[in-house]
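fold the following.
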Amino acid sequence: QARVRGLQERMVVDRMDQSSLLFQSIFRGAFERRRYLRLRKGILSLQARVRGIQARKYTKKASDAVLKLQSYARVLIVRKQYMRFQSSLVTMQARVRGLQERMVVDRMDQSSLLFQSIFRGAFERRRYLRLRKGILSLQ
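I've put the predicted structure just below:
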């Protein structure tokens with residue numbers, strides 16, 4: 001009987017040891033799981049922040065590049081408009097100057113025609129007067 005009781009006691013102690021080991025492993029597992037989840041949450045939060053910083057940097061670079069391209073495009077457009085304006089202005093100036101020159105030449109032509117007509121008139125009057133004087137002296 002003592003042997004049986006000793007065996008029973010040992011079985012009870014062994015069961016208590018197994019139970020305590022099982023309880024400890026469950027407790028440690030839960031503790032480590034919580035610790036892992038907190039660590040994972042912190043790492044994920046840190047990764048999200050780093051990715052956010054990288055995304056904002058990338059977005060800023062892309063935005064700056066787009067702004068630079070827009071600026072170059074605007075410069076090209078404005079330069080083209082200016083060149084068209086300047087070309088049409090030069091054309092208009094050339095036409096105005098040509099018109100002014102033609103007007104000056106026309107005035108000079110009219111003046112020279114007037115001068116020529118006055119000169120021819122005076123020349124013809126003198127010739128006529130000489131001819132008349134010659135004819136009158138012959139009569």
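
and Ile26, how many neighbours does it have?
Close neighbours of Ile26, defined as other CB atoms under 10 Å, add up to 10. In this view, the C-beta of every residue, glycine as well, is placed from N, C-alpha and C.

ok, now the one 5 residues further on?
Around Phe31 there are 10 other residues, counting by other CB under 10 Å.

what's the answer for Gln139, then?
Residues contacting Gln139 under the criterion other CB under 10 Å number 5.

what does Arg126 give?
10.

mind checking which helix or strand it is in?
Using DSSP states H and E, the element containing Arg126 is helix 2-138.

could you give the mean pLDDT of that helix?
The average pLDDT for helix 2-138 rounds to 93.

counting by contacts, list what that helix packs against.
Counting contacts by 3 or more CB pairs under 8 Å, 6 or more residues apart in numbering; DSSP states H and E, helix 2-138 is packed against no other helix or strand.

so what's the gap between that helix and the chain middle?
0 Å (CA atoms, centre = their mean, to the nearest Å).

and if you look at stretch 129-139?
On CA atoms, centre = their mean, the centre of stretch 129-139 falls 93 Å from that of its chain.

look up how far Ile135 lies from Gly29.
153 Å (CB to CB, to the nearest Å).

distance-wise, check Gln18 relative to Arg5.
20 Å.

meant to ask about Arg132, not that
From Arg132 to Arg5 the distance is 185 Å (CB to CB).

measure how buried Ala30 is and give me the count.
Neighbours of Ala30 (other CB under 10 Å): 10.

likewise for Tyr58?
10.

for it, which residues are in contact?
By CB atoms under 8 Å, 6 or more residues apart in numbering, the contact set of Tyr58 is empty.

any idea how far the most centrally placed residue in the chain lies from Ser63?
What sits nearest the mean C-alpha location of the chain, by CA atoms, centre = their mean, is Gln70, with 0.8 Å. From Gln70 across to Ser63, the span is 10 Å (CB to CB).
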